[in-house]
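Novice: have a look at this prediction, sequence included:
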Amino acid sequence: MKYYSTRDKALARPCSLREAVEAGLAPDGGLFVPERIPQADMAVAERLAGESYAALAGYLAALFFGEDIDRGILQREIDRIYDFQVPLRPVGSRYTLELFYGPTFAFKDFGAGFMGRMVGLLGGADEKLVILTATSGDTGSAVAHGFYNVPGVEVVLLYPEGKISRLQECQMTALGGNIHPLRVGGTFDDCQRLVKELFADSSFRAAHRVSSANSINLLRWIPQAFYYFYGYFRWRQAAGGESPVVVVPSGNYGNLSAGMLARRMGLPLGGFVAASNANDVVPEFLRTGDYRPRPSVRTLANAMDVGAPSNFERMMWLCGGDADALRGELQGFRSFRP
């Protein structure tokens, strides 16, 4: 499997998995996406979901990464990553998939844990790989634990001072070793801007082997598609329905765009609702057609405080650049509470 930038319309600059993962952001400023979206055998996926989450994730991961990583080793590592429950709970007449039973109690354990293990398997040059990541809270904790003590990797985390919870800060700052958290006087958007500026600096990139573990990195992003399959099969077993609409709390839109990826792998979802707080850049776009990134507004849901969501570009790529197609698949909802 080769990977291309969302901005490489001619597919002129293919990258290997290792190249795409280590680059993080494409040289032209786009995000890496696969050359093709593999189709899942739904009967096989449903059978494996009945065995365990790890069994299903191993099958789906091999569709993307089986050419680069031995499938037996891939499954072994996935069994170690996903050793926690992923329950579907009824909430009135609806259901919620609980994704907070990982080591840092955040859904980002699914992507960050996977990426940490896979980077270790991909190996690379003798020079250390530096993972440079901006976080609004959950990502930093999950990345810190996912990459903790991974050989040959140093992790630098940028987080906005005073704008994450005490628990999240402790989860990042208490590990030591190869984990290096840095407080930034500003917002998450400032942290993300610093990361993007470094990745856009060709002289810096030439001198340092550096990557990112935000959802801009495809190895963080793709595994988030897997729990949509698991949730769907559990929901169908519980409710007996077809084509559910999935409501996704959204900040940087890695989670929701991964659901859109799952849909294109053959998962019969009816669409999505992007649940937003006051940082409603995408819901506003869906209403007005104007995409206006802007400084984030601080709210109680700090992990959603993103005013310039990186994965909007992947969402548009998944829709072939057609804004009307995106509006047909996605609805926006904004809570007006702070």
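Specialist: Structure's in. What do you need?
Novice: secondary structure of Ala275: a helix, I assume?
Specialist: No - residue assignment for Ala275, taken from DSSP: H, G, I helix; E, B strand; the rest coil, gives strand, which places it outside any helix.
Novice: ok, now which ones touch it?
Specialist: Under the criterion of C-beta atoms under 8 Å, 6 or more residues apart in numbering, the neighbours of Ala275 are 247-250, 333, 335. For glycine as for every other residue, the C-beta is placed from the backbone atoms N, C-alpha and C.
Novice: highest neighbour count among those?
Specialist: For these, counting by other C-beta atoms under 10 Å, the largest number of neighbours falls to Ser250: 28 neighbours.
Novice: isn't that one up against Phe272?
Specialist: No - using C-beta atoms under 8 Å, Ser250 and Phe272 do not qualify as a contacting pair, with a distance of 9.1 Å.
Novice: what touches both of these two?
Specialist: With C-beta under 8 Å, 6+ apart as the test, Ser250 and Phe272 both reach Leu256.
Novice: how about the helices in the stretch 201-338 of the chain?
Specialist: With DSSP state H, counting those that start in this stretch, the ranges of helices along the stretch 201-338 of the chain come out as 202-207, 218-221, 226-239, 254-264, 281-288, 312-318, 323-329.
Novice: what does the second one rub up against?
Specialist: Judged by C-beta under 8 Å, 6+ apart, the contacts made with helix 218-221 from elsewhere in the structure are 3, 17, 20-21, 31-34, 111-112, 114-115, 118-119, 213-215, 254, 257-258, 261, 311, 314.
Novice: off-centre distance for it?
Specialist: How far helix 218-221 lies from its chain's middle: 6 Å, per C-alpha atoms, centre = their mean, to the nearest Å.
Novice: average pLDDT for that helix?
Specialist: Mean pLDDT, helix 218-221: 94.
Novice: follow-up on the earlier one: hey, least reliable of the helices of the stretch 201-338 of the chain by pLDDT?
Specialist: Considering these one by one, the lowest average pLDDT is found for helix 202-207, at a mean of 83.
Novice: and the contacts of it?
Specialist: Residues from elsewhere that reach helix 202-207, judged by C-beta under 8 Å, 6+ apart: 27, 198-199, 210.
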